[in-house]
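J.: give me the fold of what follows.
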Amino acid sequence: MQLLRIQIPEFRVLKNVDLQFRNELVPRVFPVGSENGGGKSTLLQLIFVLLHCSLDPQKKGFAKNLLHDFKIAQEHGILARFEILDGTDVFQVEFLCYNSESFFEIDFKDLQFQTISQLNKNPLVYLAELEAIETQLSILYQRQNDFETQMKAVSGYSEDYRNLSSQRDLVHQQVLSLTPQKNDLAMVRAKIDQDLEKQNLLYLTIYGDEEQNPELLLVRVRDVDLAKAKDFLARLSQKIFLAIPSTQICLFLPEDAKQALFSQRKMQGDYQKSLARAQKQLPNFFTYGYAEVDILLSLFEQAKQQDFKEAIQTRGDYGKSYSQLLKELEPILAGDKEIRPNSDLTNITFMRKGGGPLLTPGDLSHGELRKLSIYAWLRYNNITDAIVLFDEIEIGLHPDWQYKIVQNLLEWKPSNQYILATHSYAICEAVTPGHVHELEPKLFKQGAEHGN
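T.: This is a model prediction of the structure:
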């Protein structure tokens, strides 16, 4: 997969953005720069959420969060356009927003409802009500499963079992009470889906003020039938990855979590909890900071298992995955340092080549830990043939290492396309001028303000 072009008429600080990532350029590493406040981070998060999250019903809440305050200027318009290369095919993907019920020309008279006397609201409001009920039901189904799991762990004749059973039954009654309304609203949604599909459009989600003035997010793949469009969008969503510094604000988290960052210190933990939940729900999302010990240990375990598998297949010849992993890790650390797991793969140690006392994490630089973290994430997740979005990858790296990180990425996972939101001139100088894109306000060229 490769992103060839993105156009954003207007979103937050982004205005009239039109970036083209030319397929013939090598390497496929494209820095995007601007001054602070230019919208680089917003750009990456918008790409990630639209292409990875909004297509999955379990993740569309992140799209709702990102679009929370967004209002389309007219009754409808383009949020973003993408051109995506998949093999030899180029797909044109449009994300559209609508805020008017006049978009629909649907006759609902043939529908037989249990809970709705007549359809007298904006159809977008009914869609919002359906999504709200689906969210409630999802929570209730999970509670039911939790109670049933706990019931299996206790005696069927105990007081605990009876209490759990009673609580489970109460939750089940709540499910039954919501189901008729959910079924009625689902019929409305099915009618709307049919109307949208005639226009080659796919429903994604409702966002904004969902009780009074909801807005609708749709997607269309131009000149492609719906079955092929759905297949492409599903495959595309698995090939979009985002890595950001742990200090970067995630615009796709709930509004109350983001507001907590500017509240009393004791409330700031709400943001971190929300971020941790997002990371569990979004395996393609990574916040890099210090080296991830669990990921590193898993890499060594993978390599060991692969070598053992090859030994079985060849009747005794162990593979070279473990030694290859050590070879790849060697240049990440500066000087004569090296990394080793202990014998039972429960701990990571650092040492000087040739022996000597073990090194502590404090003996490693911020830049070494940052590079180790990025390498481990790419390698552990086996990210290949993907569009990988990095925000400020240069943090903690010496300018020489910033320049070399482009080559590092190509050595670690060469089949990917990398889009780097950056303030680093060294990264921009590591590729050709044709690779580099700038958002307004553009960066000053080094020395320009001094007349050089």
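J.: quick one: the helices in the stretch 201-350 of the chain, in order.
T.: Listed in chain order, the helices found in the stretch 201-350 of the chain under DSSP state H, counting those that start in this stretch are 226-237, 255-260, 269-281, 293-313, 321-329.
J.: which residues sit in contact with the residue nearest the centre of the chain?
T.: By C-alpha atoms, centre = their mean, the chain has its centre lying nearest to residue 285, at 4.3 Å. Neighbour list for residue 285: 48, 241, 242, 243, 278, 279 [criterion: C-beta atoms under 8 Å, 6 or more residues apart in numbering]. Where you see a C-beta, it was placed from the backbone N, CA and C, and this is true even at glycine.
J.: and the fourth one, what does it touch?
T.: I take that to be residue 243. Contact partners of residue 243, counting by C-beta under 8 Å, 6+ apart, are 285, 286, 287, 288, 374, 377, 388, 389, 390, 391, 393.
J.: apply 7 Å and report the result again.
T.: When contacts are counted by C-beta atoms under 7 Å, 6 or more residues apart in numbering, residue 243 touches 286, 288, 374, 377, 390.
J.: out of the contacts of residue 285, which one sits closest to residue 329?
T.: Distance from residue 329 was checked for each of the contacts of residue 285 by C-beta to C-beta. The minimum falls on residue 243, at 18.8 Å.
J.: the closest one pairs with what?
T.: In this structure, residue 243 has beta-bridge partners residue 286, residue 390, where bridges are defined by DSSP bridges.
J.: tell me the spacing between it and residue 393.
T.: Shown here: residue 243 relative to residue 393, a distance of 8 Å by C-beta to C-beta, to the nearest Å.
J.: can you check which residues contact both of these two?
T.: residue 374.
J.: in this structure residue 396 contacts residue 370, no?
T.: Yes. Distance between residue 396 and residue 370: 4.3 Å, which falls inside the contact criterion (C-beta atoms under 7 Å).
J.: of those two, who's got more company?
T.: Using other C-beta atoms under 10 Å as the criterion, residue 396 and residue 370 rank with residue 370 on top: 23 against 19.
J.: residues in contact with that one?
T.: Going by C-beta under 7 Å, 6+ apart, residue 370 touches 288, 395, 396, 397.
J.: circling back to that earlier point, now, which of the contacts of residue 285 sits nearest residue 185?
T.: Distance from residue 185 was checked for each of the contacts of residue 285 by C-beta to C-beta. The minimum falls on residue 278, at 27.5 Å.
J.: next, count neighbours for that closest one.
T.: One way to gauge burial is a neighbour count; for residue 278, by other C-beta under 10 Å, it gives 21.
J.: for it, give me its contacts.
T.: For residue 278, the residues meeting the contact criterion (C-beta under 7 Å, 6+ apart) are 250, 253, 285.
J.: what's the closest of the contacts of residue 285 to residue 258?
T.: Comparing these against residue 258 with C-beta to C-beta places residue 278 closest, at 11.7 Å.
J.: tell me how far that closest one lies from residue 164.
T.: When distance is defined by C-beta to C-beta, residue 278 is 30 Å away from residue 164.
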